[in-house]
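Engineer: Quick one: sequence and predicted model below, then my questions.
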Protein chains: 2
Amino acid sequence: MGVKEIKLEDLDTDKFIREKVEEISSTVGEGLAINALSGGVDSSVVTILGYKALGNRLKTYFVNNGLMREGEPEAIVSVFNDMGINVELVDAQETFFNALKDKIDPEEKREAITNAFYNDIFGCLVRETGAKYLLQGTNYTDIEETVAGIKRQHNILEQIGINPEEMYGYKIIEPLIQLRKDSIRKVGKVLGLPEAIYKRPPFPGPALAARVIGDVTQERVNTVRNATKIVEEELSESEAFQYLAILHEDKVVGVREGKRAYGLQIEVRCWESKDAKIGSPTRLAYDVLERLADRITSEVPGVVSVTYNITKKPPSTIEAV
Amino acid sequence: MGVKEIKLEDLDTDKFIREKVEEISSTVGEGLAINALSGGVDSSVVTILGYKALGNRLKTYFVNNGLMREGEPEAIVSVFNDMGINVELVDAQETFFNALKDKIDPEEKREAITNAFYNDIFGCLVRETGAKYLLQGTNYTDIEETVAGIKRQHNILEQIGINPEEMYGYKIIEPLIQLRKDSIRKVGKVLGLPEAIYKRPPFPGPALAARVIGDVTQERVNTVRNATKIVEEELSESEAFQYLAILHEDKVVGVREGKRAYGLQIEVRCWESKDAKIGSPTRLAYDVLERLADRITSEVPGVVSVTYNITKKPPSTIEAV
């Protein structure tokens, strides 16, 4: 696929950081670059590499697409401000919910989010700032999955035939494209990222929209956001690779106070994996599973049923959308 | 609710059997009665009570609604033939699939099945045979749940305002109406039912239609039938109260041979319960859960994901429809 993987055991972090900082610096020259920080380890590492290379000539934005976890936009911005890196918060909730309206098919959702992000939001920011470059944290697994046709990753453009310069008016720099997640975490640690960031469970590019089966409305995103908060609270000590809540579109029969309650179902997934390429469900204790179900059905309005994924990847994927 | 429960600890099985046989005998007099045997413990016990009371004046039918488990119609008929009880197999698959066409709402599905059963099938059989009575295995939990408005049980008529004599032209006799499942199993054992029957996991009145979320087509029933077979094979040693497979309508993303596979999801439920009134998920070993997922995703065409229910009843119910 034209990109050569650097495996964890072959990674010299200091050398990698030095080379990438130089590359970014020489590519951008005296101009401006922009990047979007999501708070995941990939975009966080890119932000620091870019800041090291360009200082204030890197403009970092946190795009609040309305699909983030609870309190996430503010929390992430403040972590980076504490490291002396300025991050501007962009409220783009309306843009994204309009783009997602009536999209049911997972690939259409992902395409709508890609277009809203690169065209509507970043197209504007590039024009406003005059930046010629967008830095982003595409990694080796993202490319591999998109090329293989498993899932369209939100940050993959050239590999699916999109020329970002022609289409959006800027070039894309991808310093992490040779690394998988485990290597990126290691670089993040060396770069001085707080543990909460470099150990942060992966969060999908399309954010909570990837966790809603069927219609992605503000109300349904709120439901999955509430469930996600509980799952992350209960499983943060689990040492698992990733844990998530999915809102199903199917409704199931339940019972509340002795009466029929036809309601929502949340699926919990918790993964053991090194790099998201293959994975298996974490063997969580039943006490933990039952507490998850109890809390989600009592704290998230409308939910009467919670399931736990027991399928490996493959044939499952990490996310359901 | 006008019916007095006989609790397991108060049940004198010999006395109960004697009284019910006398009741059926004196109610039906010299006429004919008919009943439907599904192979579940309730209808099996009713069949034997009715046979003891009426001998060959009880006409027992196995209605193949196309919603039964694999090989079930033939297996059940043969068990009863071995006990000297004649059971006639009625092929009603078309009637039921036509009645279920385009029904999505669980209560509409249940109503469609009730009407097909009592009106189309039994209405006919009653006219053909001249029987005036239908014996059926309604139990105390069925009434309770229907009256409480949790779920319309397929065999509940009077409690929801239907007069079967006016509506269908026959009277209904319900000898098990004061008992819950645990007591019915005990009566079944005393009556000499094979263990495979009196310990048989409960199977819902609407059969596999209660295990298909969304459209109930022949193809989708086949999918859930295949998954059910695997779940019953793997969990028959579990001593659980009930175990089942549910086909979801939601599709999820999976991966097969390195390519995207947008496919089906099966939910497995396995219950610890005494009487279906309350229940909790069986704490199955992860080896068992993973074997279930492996088998279902490799043996049932189109399935890429399997989940396990982790919610108690309440707020869940035993079945999803």
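Structural biologist: In hand now; what should we look at?
Engineer: tell me the contacts of the residue nearest to A:Glu30 when sequence neighbours are not counted?
Structural biologist: Excluding the flanking residues, the one nearest A:Glu30 by CB to CB, 6 or more residues apart in numbering or on different chains is A:Arg57, at 7.9 Å. Quick note: C-beta positions are derived from backbone N, CA and C, even for glycine. Applying CB atoms under 8 Å, 6 or more residues apart in numbering or on different chains to A:Arg57 gives the contacts A:28, A:30-33.
Engineer: just A:Ala276 next, same as before
Structural biologist: Taking CB under 8 Å, 6+ apart, we find A:Ala276 in contact with A:141, A:180-181, A:202, A:241-242, A:318.
Engineer: Check the gap between A:Gly302 and A:Asn226 for me.
Structural biologist: The spacing between A:Gly302 and A:Asn226, counted by CB to CB, to the nearest Å, is 10 Å.
Engineer: And those two? Which one has more around it.
Structural biologist: Ranked by neighbour count (other CB atoms under 10 Å in any protein chain shown), A:Gly302 and A:Asn226 place A:Asn226 first, with 19 against 16.
Engineer: ok, that one touching A:Ser298?
Structural biologist: No - A:Asn226 sits out of contact with A:Ser298 when judged by CB atoms under 8 Å, with a separation of 11.4 Å.
Engineer: A:Ser44 contacts A:Gly188, doesn't it?
Structural biologist: Yes - with contact defined as CB under 8 Å, A:Ser44 and A:Gly188 form a contacting pair (6.3 Å).
Engineer: what residues are shared contacts of those two?
Structural biologist: Joint contacts of A:Ser44 and A:Gly188 (CB under 8 Å, 6+ apart) are A:197-198.
Engineer: between these two, who's got more neighbours?
Structural biologist: Each of A:Ser44 and A:Gly188 has its neighbours counted (other CB under 10 Å); A:Ser44 has more, 26 against 22.
Engineer: so what's that one closest to, chain neighbours aside?
Structural biologist: That would be A:Ile197: by CB to CB, 6+ apart, it lies 5.0 Å from A:Ser44.
Engineer: and the residue of the stretch 201-321 of chain A found nearest chain B, what helix or strand is that in?
Structural biologist: Residue nearest to chain B within the stretch 201-321 of chain A (CB to the nearest CB): A:Thr307, separated by 3.7 Å. Element membership for A:Thr307 (DSSP states H and E) is strand A:303-309.
Engineer: So which elements touch that strand?
Structural biologist: Secondary-structure packing of strand A:303-309 (3 or more CB pairs under 8 Å, 6 or more residues apart in numbering or on different chains; DSSP states H and E): strand A:242-256, strand A:259-272, helix A:286-299, strand B:303-309.
Engineer: just these: most buried one?
Structural biologist: Among the helices and strands packed on strand A:303-309, ranked by average contacts under mean count of other CB atoms under 10 Å in any protein chain shown, first place goes to strand B:303-309 (a mean of 27).
Engineer: pLDDT averaged over it, what's the number?
Structural biologist: Mean pLDDT, computed over strand B:303-309, is 98.
Engineer: what would the contacts of A:Arg57 look like in CSV with pLDDT, secondary structure and neighbour count?
Structural biologist: What follows is the contacts of A:Arg57, written out as CSV (pLDDT from 0 to 100; DSSP: H, G, I helix; E, B strand; the rest coil; neighbours: other CB atoms under 10 Å in any protein chain shown):
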residue, pLDDT, secondary structure, neighbour count
A:Val28, 96, helix, 21
A:Glu30, 94, coil, 6
A:Gly31, 93, coil, 12
A:Leu32, 95, coil, 16
A:Ala33, 95, strand, 24
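Engineer: For those residues, give me a markdown table that also has distance to B:Lys4.
Structural biologist: Output for the contacts of A:Arg57, formatted as a markdown table (distance: CB to CB, whole Å):
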| residue | distance to B:Lys4 |
| --- | --- |
| A:Val28 | 84 |
| A:Glu30 | 90 |
| A:Gly31 | 86 |
| A:Leu32 | 82 |
| A:Ala33 | 79 |
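Engineer: Give the PyMOL command for selecting the buried subset of the contacts of A:Ala276.
Structural biologist: Of the contacts of A:Ala276, the buried ones can be selected in PyMOL as follows, counting by 16 or more other CB atoms under 10 Å in any protein chain shown:
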select buried, chain A and resi 141+180+181+202+241+242+318
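Engineer: for the residue lying closest to A:Pro206 once chain neighbours are set aside, what are its contacts?
Structural biologist: Once flanking residues are discounted, A:Pro206 sits nearest to A:Ile113: 4.5 Å by CB to CB, 6+ apart. Going by CB under 8 Å, 6+ apart, A:Ile113 touches A:65, A:96, A:99-100, A:154, A:205-206, A:209.
Engineer: So which of those residues sit within helices?
Structural biologist: In helices, judged by DSSP state H, the following of the contacts of A:Ile113 are found: A:96, A:99-100.
Engineer: so which of those comes closest to chain B?
Structural biologist: For the ones in helices among the contacts of A:Ile113, the nearest to chain B is A:Leu100 (16.7 Å; CB to the nearest CB).
Engineer: which residue sits closest to that closest one in space, ignoring its chain neighbours?
Structural biologist: Excluding the flanking residues, the one nearest A:Leu100 by CB to CB, 6+ apart is A:Val216, at 4.4 Å.
Engineer: returning to what we had before: of the contacts of A:Ile113, keep whichever come out buried.
Structural biologist: A:65, A:96, A:99-100, A:154, A:205-206, A:209.
Engineer: Any idea which of the residues you listed the model trusts least?
Structural biologist: Minimum pLDDT across the buried ones among the contacts of A:Ile113 falls on A:His154, with 63.
Engineer: ok now do A:Trp271, which residues does it touch?
Structural biologist: A:Trp271 is in contact with A:240-243, A:279-282, A:313, A:318, counting by CB under 8 Å, 6+ apart.
Engineer: ok, which of these also contact chain B?
Structural biologist: A:280-281, A:313 (CB under 8 Å from any CB of the partner chain).
Engineer: Name the member of these with the most neighbours.
Structural biologist: Most neighbours among the ones next to chain B among the contacts of A:Trp271, by other CB under 10 Å: A:Pro281, with 25 neighbours.
Engineer: Please verify my assumption that it contacts A:Glu272.
Structural biologist: Yes - in terms of CB under 8 Å, A:Pro281 counts as a neighbour of A:Glu272; the distance is 7.4 Å.
Engineer: still on that earlier bit, just give me the closest of the contacts of A:Trp271 to A:Asn81.
Structural biologist: Comparing the contacts of A:Trp271 against A:Asn81 with CB to CB places A:Gln242 closest, at 26.8 Å.
Engineer: need the contact list for the closest one.
Structural biologist: A:Gln242 makes contact with A:201-202, A:269-271, A:273, A:276, A:279, A:318, according to CB under 8 Å, 6+ apart.
Engineer: contacting residues around A:Asn226?
Structural biologist: For A:Asn226, the contact set (CB under 8 Å, 6+ apart) comprises A:70, A:299-300.
Engineer: Keeping just the C-alphas, turn the helix or strand it falls within into PDB.
Structural biologist: Secondary structure from DSSP H and E places A:Asn226 in helix A:218-235. Taking Å, rounded to 0.1, in the frame of the first residue of the first chain, the C-alpha atoms of helix A:218-235 are listed here in PDB:
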ATOM      1  CA  GLN A 218     -29.100  14.800  19.200                       C
ATOM      2  CA  GLU A 219     -31.400  12.900  21.500                       C
ATOM      3  CA  ARG A 220     -29.900   9.500  20.500                       C
ATOM      4  CA  VAL A 221     -26.400  10.800  20.800                       C
ATOM      5  CA  ASN A 222     -27.200  12.000  24.300                       C
ATOM      6  CA  THR A 223     -28.500   8.500  25.200                       C
ATOM      7  CA  VAL A 224     -25.300   6.900  24.000                       C
ATOM      8  CA  ARG A 225     -23.200   9.600  25.700                       C
ATOM      9  CA  ASN A 226     -24.800   8.900  29.000                       C
ATOM     10  CA  ALA A 227     -24.200   5.200  28.600                       C
ATOM     11  CA  THR A 228     -20.600   5.800  27.500                       C
ATOM     12  CA  LYS A 229     -19.900   7.800  30.600                       C
ATOM     13  CA  ILE A 230     -21.100   4.900  32.800                       C
ATOM     14  CA  VAL A 231     -19.100   2.300  30.800                       C
ATOM     15  CA  GLU A 232     -15.900   4.400  31.000                       C
ATOM     16  CA  GLU A 233     -16.400   5.000  34.800                       C
ATOM     17  CA  GLU A 234     -16.900   1.300  35.500                       C
ATOM     18  CA  LEU A 235     -14.200   0.000  33.100                       C
END
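Engineer: Thank you, goodbye.
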